[in-house]
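S.K.: Pasting a predicted model and its sequence here:
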Amino acid sequence: MTRNDVAELIKHILKENQATALKDQVDMITDDTSLIDDLALDSIQILELIVNLEDKFNIVCDAQELNIDLFGRFGDLVGFVHKKVE
């Protein structure tokens with residue numbers, strides 16, 4: 001799976017599983033988009049995203065790997081997931 005494939009699937013997950021207001025913004029996400037500051041994901045939405053990432057990519061995200069910086073930039077999250085699926 002390419003990095004671009006991972007990015008597109010994460011965007012799909014965000015579009016399908018998040019608030020309606022966010023659905024309109026997903027298509028404009030770039031690697032520099034902050035999931036917290038720009039998209040205003042709250043802690044519950046981040047938790048739901050993690051669960052969906054684990055399910056869709058068949059990965060396990062250990063608590064030690066997860067920190068707030070991982071959600072600072074969309075590109076960082078894509079890189080994290082891409083490394084897990086390689």
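M.R.: Structure's in. What do you need?

S.K.: Against residue 75, how distant is residue 32?
M.R.: Separation of residue 32 from residue 75 (C-beta to C-beta, to the nearest Å): 7 Å. Using the backbone N, CA and C atoms, a C-beta is placed for each residue, glycine as well.

S.K.: any idea whether residue 10 is helix, strand or coil?
M.R.: Following DSSP: H, G, I helix; E, B strand; the rest coil, residue 10 is assigned to helix.

S.K.: How about it, nearest residue that isn't a chain neighbour?
M.R.: Excluding its sequence neighbours, the residue lying closest to residue 10 (C-beta to C-beta, 6 or more residues apart in numbering) is residue 78, at 6.1 Å.

S.K.: go on, residue 50?
M.R.: residue 61 (5.6 Å).

S.K.: Out of the helices and strands in the protein, which is least certain?
M.R.: Least confident helix or strand of the chain, by mean pLDDT, DSSP states H and E, is helix 20-23 with a mean of 64.

S.K.: Between residue 32 and residue 75, tell me which one has more neighbours.
M.R.: residue 75 (15 against 11; other C-beta atoms under 10 Å).

S.K.: Show the average pLDDT along stretch 60-75.
M.R.: The average pLDDT for stretch 60-75 rounds to 91.

S.K.: neighbouring contacts of it?
M.R.: For stretch 60-75, the external contacting residues (C-beta atoms under 8 Å, 6 or more residues apart in numbering) are 7, 10, 29-36, 41, 46, 50, 53-54, 76-77, 80, 84.

S.K.: now swap in stretch 77-86 and tell me
M.R.: Here stretch 77-86 makes contact (C-beta under 8 Å, 6+ apart) with 1, 3, 6-7, 10, 31, 35, 53, 57-59, 61, 65, 70-71.

S.K.: Please provide the alpha-carbon coordinates for that stretch, formatted as PDB.
M.R.: The C-alpha trace of stretch 77-86 is given here as PDB (Å, rounded to 0.1, in the frame of the first residue of the first chain):
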ATOM      1  CA  LEU A  77      -0.500  10.500  11.000                       C
ATOM      2  CA  VAL A  78      -0.300   9.200   7.400                       C
ATOM      3  CA  GLY A  79       3.400   8.500   7.900                       C
ATOM      4  CA  PHE A  80       2.700   6.600  11.200                       C
ATOM      5  CA  VAL A  81       0.000   4.400   9.600                       C
ATOM      6  CA  HIS A  82       2.000   3.900   6.500                       C
ATOM      7  CA  LYS A  83       5.000   2.600   8.500                       C
ATOM      8  CA  LYS A  84       2.700   0.300  10.400                       C
ATOM      9  CA  VAL A  85       1.300  -1.300   7.200                       C
ATOM     10  CA  GLU A  86       4.600  -1.700   5.400                       C
END
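
S.K.: Thank you, goodbye.
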